[in-house]
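Colleague: coords please:
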Amino acid sequence: MCGNIMSAPLPAIVPAACRATAAVIFLHGLGDTGHGWAEAMAGIRTPYVKYICPHAPIMPVTLNMKMAMPSWFDIISLNPDAEEDETGIKRAAESIKALIDQEVKNGIPSHRIVLGGFSQCKDLESRSRRNNIRLIGIGEGEEGNRPMEFVSNFLRDLLNLKEKPLLDRAHRSLQPKPRPAQPPRPFIIRVHFYHIREQILQTACQNGKLTYKGKPLSLPSILQLARPRKERSLVKCANT
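Modeller: Numbering: from 1, shown residues only. As a prediction, the model looks like this:
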């Protein structure tokens, strides 16, 4: 679809002034590079944050008369019904996921990594988030010190799955820890395989009302929560 694609150079990085405990990955727009954004980040940086500004590969862009330029994926048309570069979007999303995974390996917790940008970034962010679900209703501290293992086992047992789902990460939301009388923070869960994420949501929907220790549970997807409230009310199980 995209013709010849030149591999992108290494990202422009603004290192933390001290030990990095958080990271920002910021994506530039069509025809740009990460260098200018790295300079901007350097001017506003926080000492403990590492800023990563990757560069899109150079490729022919159909919308721009197939001129070669930095682009995260091909753009066929601005028509909402136009064909999309599914392969290119998936490739770009995987490259961003690899950056996130690398920072996790470097010791930065996944919940302290922020993905930002504009223009084509919205499509990539949606792709990276589409495997995410929330688990709402589990009491604070029930997960102990191994939240990902707890959540994987919990989903298997709650939904009677054949095996534990493979998770990339599972952690509480970044809200302040609630007081004893307040509702617990939800878990944000990234399921490794999209089809398993779909299976989890469909099974939860088929099971109807979910409870844990007498209290209600819910498993909405992140993208479903991002929809306007009226549109959310239209989201139904496939079998209803």
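
Colleague: who does whichever helix in the chain runs longest touch, helix- and strand-wise?
Modeller: Determined from DSSP state H, the single longest helix within the chain is helix 86-105. Applying 3 or more Cβ pairs under 8 Å, 6 or more residues apart in numbering; DSSP states H and E, one finds that helix 86-105 contacts strand 22-27, strand 49-53, strand 113-117, helix 121-129. Every C-beta, even on glycine, is put in place using the N, C-alpha and C of the backbone.

Colleague: mean pLDDT lowest where, among the ones you listed?
Modeller: Mean pLDDT is lowest for helix 121-129 out of these, coming in at a mean of 64.

Colleague: any idea how far the residue in the chain sticking out farthest from the centre lies from residue 58?
Modeller: Within the chain, residue 65 marks the point farthest from the mean C-alpha position, 31.8 Å out by Cα atoms, centre = their mean. Counting by Cβ to Cβ, to the nearest Å, the gap from residue 65 to residue 58 is 15 Å.

Colleague: how about residue 203, secondary structure?
Modeller: With DSSP: H, G, I helix; E, B strand; the rest coil as the basis, residue 203 sits in helix.

Colleague: what's near enough to touch it?
Modeller: By Cβ atoms under 8 Å, 6 or more residues apart in numbering, the contact list for residue 203 reads 159-161.

Colleague: which among those gets closest to residue 201?
Modeller: residue 159 (9.8 Å; Cβ to Cβ).

Colleague: that closest one: how many residues sit nearby?
Modeller: By other Cβ atoms under 10 Å, 18 other residues sit near residue 159.

Colleague: okay, now residue 200: neighbour count?
Modeller: Number of residues near residue 200 (other Cβ under 10 Å) recorded here: 22.

Colleague: so which helix or strand takes in it?
Modeller: Secondary structure assigned from DSSP states H and E places residue 200 in helix 194-207.

Colleague: what of residue 217?
Modeller: strand 215-217.

Colleague: tell me what that strand is packed against?
Modeller: Against strand 215-217 (3+ Cβ pairs under 8 Å, 6+ apart) you get strand 210-212.

Colleague: okay, now the domains of this structure?
Modeller: Domain ranges of the chain: 12-129, 132-232, per automatic domain parsing.

Colleague: nearest residue to residue 50 in space, please, no chain neighbours.
Modeller: residue 20 (4.1 Å; Cβ to Cβ, 6 or more residues apart in numbering).

Colleague: doesn't that neighbour belong to a helix?
Modeller: No. Secondary structure assignment (three-state DSSP) places residue 20 in coil, not in a helix.

Colleague: check contacts around it.
Modeller: Residue 20 makes contacts with 48-50, 106, 108, as judged by Cβ under 8 Å, 6+ apart.

Colleague: neighbour count and distance to residue 10 added to those residues, as a markdown table?
Modeller: Below are these laid out as a markdown table (neighbours: other Cβ atoms under 10 Å; distance: Cβ to Cβ, whole Å):
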| residue | neighbour count | distance to residue 10 |
| --- | --- | --- |
| 48 | 14 | 23 |
| 49 | 20 | 19 |
| 50 | 23 | 14 |
| 106 | 10 | 15 |
| 108 | 19 | 18 |
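
Colleague: ok, these vs residue 179, which is closest?
Modeller: Nearest member of those to residue 179, counting by Cβ to Cβ, is residue 48, at 27.5 Å.
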